[in-house]
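1. got a predicted structure here, sequence first:
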Amino acid sequence: MNFSLEQYLDRLNSPSSAVLEELYIDTWLHTMYPHMASSPLQSKFLAFICKLLQPSRILEIGTFTAYATITMAEATLAKAEIITIEANEEYEPLIHTYLKKSGFENKVKLIIGDAKKILPDLQGLFDLIFLDADKVSYPEYYVTLKQLLRKGGLLVADNTLWSMKVIDEKITDRETAAIRLFNQLAASDKEMEQLILPLRDGISLIRKK
Ligand SMILES: C[S@@+](CC[C@H](N)C(=O)[O-])C[C@H]1O[C@@H](n2cnc3c(N)ncnc32)[C@H](O)[C@@H]1O
């Protein structure tokens, strides 16, 4: 994003909480791939969705340092439940530190492991699902997550423009192909409605009718 636009938005958008600001800095200082975290703008977008929808059950695929997890925890009622799945156990200490700092240790259940193996065992339906994990598996996640979403529920998927590679037909690597297929699956599914927004790396809102 254009630097002066970013500064303008930063100045006028409501600020992030102190704990989210601290976690964002910690993520950039202490992890190898800090860009994997949602941006503050994206986090505010996710928070707005949560405030408008007030989901009681949320599922996140791909926790990383829990920046989006804590964003969603802050923006929902105390009784809401968030299940978040992360494959890389290296992030577990940082996640727990910040769940404790933010006071959401009881609201958030972290599951360490491969989401593809864990999802079939989850019970009940979810009001909101945030998909933000391995891109090659997006089409597989689409099928599983659709079943876990209640009618009227929202699937939010990150990186659905994949650095704009999806619109360049010459690019055919596995991740780009998987994201194209994911976008197409949602577009052609009569039971879902899709809105792909060019926010950061592309964020899709996919609602189950
Ligand atoms: C882009 S980051 C998530 C960012 C986080 N949702 C946020 O908004 O700050 C993607 C995360 O997915 C995790 N991941 C990749 N494959 C996974 C899988 N099969 N199951 C669970 N987590 C996975 C990665 O280890 C990484 O931490």
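-> The structure has been received and is ready for your questions.
2. I figured Leu46 hits Ser39, correct?
-> No - in this structure, Leu46 is not within contact of Ser39 by CB atoms under 8 Å, at 10.4 Å. Any C-beta I mention is one placed from the backbone N, CA and C, and that applies to glycine too.
3. of the two, who's got more company?
-> Under the neighbour definition other CB atoms under 10 Å, Leu46 and Ser39 were set side by side, and Leu46 has more, 23 against 16.
4. now that one, nearest residue through space, not along the chain?
-> Excluding the flanking residues, the one nearest Leu46 by CB to CB, 6 or more residues apart in numbering is Thr71, at 5.3 Å.
5. again, but for Leu197
-> Ile203 (5.3 Å).
6. show me what contacts the residue minimising distance to the centre of the chain?
-> What sits nearest the mean C-alpha location of the chain, by CA atoms, centre = their mean, is Phe130, with 3.8 Å. Contacts for Phe130 (CB atoms under 8 Å, 6 or more residues apart in numbering) come out as 46, 58-61, 68, 72, 156, 158.
7. ok, Val136 next?
-> By CB under 8 Å, 6+ apart, Val136 lies in contact with 174-175, 178.
8. that one and Arg174, how far apart?
-> 5 Å (CB to CB, to the nearest Å).
9. repeat for Ser56
-> 36 Å.
10. interface residues of this protein facing the ligand?
-> 36-38, 61-62, 64, 67-68, 85-88, 114-116, 132-134 (CB under 6 Å from any ligand atom).
11. filter the residues you listed to the buried ones?
-> 36-38, 61-62, 64, 67-68, 85-87, 115-116, 132-134 (16 or more other CB atoms under 10 Å).
12. wait, doesn't the residue nearest to Leu197 sit right on Trp162?
-> No - the pair formed by Ile203 and Trp162 falls short of the contact definition of CB under 8 Å, at 11.7 Å.
13. any idea of the pLDDT on Pro198?
-> Among the per-residue scores, Pro198 holds a pLDDT of 95.
14. typo on my end, it should be Lys135
-> In this prediction Lys135 is given a pLDDT of 97.
15. what sits against it?
-> With CB under 8 Å, 6+ apart, Lys135 has these contacts: 159, 162, 175, 178-179.
16. one more time with 6 Å, if that's ok
-> By CB atoms under 6 Å, 6 or more residues apart in numbering, the residues touching Lys135 are 175, 178-179.
17. ok so, going back, most neighbours among the contacts of Val136, please name it.
-> Ala178 (20 neighbours).
18. Phe126: how many residues sit nearby?
-> Counted with other CB under 10 Å, the neighbours of Phe126 add up to 23.
19. thought it was touching Leu148?
-> Yes - taking CB atoms under 6 Å as the definition, Phe126 is a contact partner of Leu148 at 5.5 Å.
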